[in-house]
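this one's structure only:
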């Protein structure tokens with residue numbers, strides 16, 4: 001495993017974690033650049049683009065393709081409704097079990113139901 005991380009496994013591990021956190025939108029790209037000791041956003045963009053280019057269609061030299069992550073709170077209900085990314089569960093027409101836990105879940109959880 002250490003061989004796969006190369007000559008500086010601590011740096012590789014840090015970069016891997018930052019790539020994950022930036023990709024999930026949990027850490028801004030600028031902050032990742034600061035942690036890595038990069039001088040400005042352009043260097044952070046270049047760092048990010050070079051590392052994700054092997055997993056996407058981004059060309060490492062084309063920094064215009066980098067986009068900030070989308071956060072759910074920034075989306076409208078209409079755009080969420082149109083999205084195919086969410087599971088839609090259709091409830092049973094009539095009783096899906098011996099009791100209706102979905103309506104009486106508090107009582108069920110506390111043993112009163």
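Looks like it arrived, so ask away. Here the structure is a predicted model, which is why all the values come from computation and not from measurement.

buried ones in the helix or strand containing residue 50?
Taking DSSP states H and E as the criterion, residue 50 maps to helix 41-52. Using 16 or more other CB atoms under 10 Å as the test for burial, helix 41-52 gives 44, 45, 46, 47, 48, 49, 51, 52. Bear in mind the C-beta positions are built from the backbone N, C-alpha and C, glycine included.

and it, what other elements does it pack with?
helix 9-23, helix 29-36 (3 or more CB pairs under 8 Å, 6 or more residues apart in numbering; DSSP states H and E).

Turn the ones you listed into JSON lines, columns for mean pLDDT, distance to residue 75 and mean neighbour count.
JSON lines is the format used below for the helices and strands packed on helix 41-52 (pLDDT from 0 to 100; distance: least, CB to CB, whole Å; neighbours: other CB atoms under 10 Å):
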{"stretch": "helix 9-23", "mean pLDDT": "89", "distance to residue 75": "18", "mean neighbour count": "14"}
{"stretch": "helix 29-36", "mean pLDDT": "93", "distance to residue 75": "20", "mean neighbour count": "16"}
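
For residue 79, which of the ones you listed is the nearest?
For the helices and strands packed on helix 41-52, proximity to residue 79 was assessed by CB to CB; helix 9-23 is nearest, at 20.7 Å.
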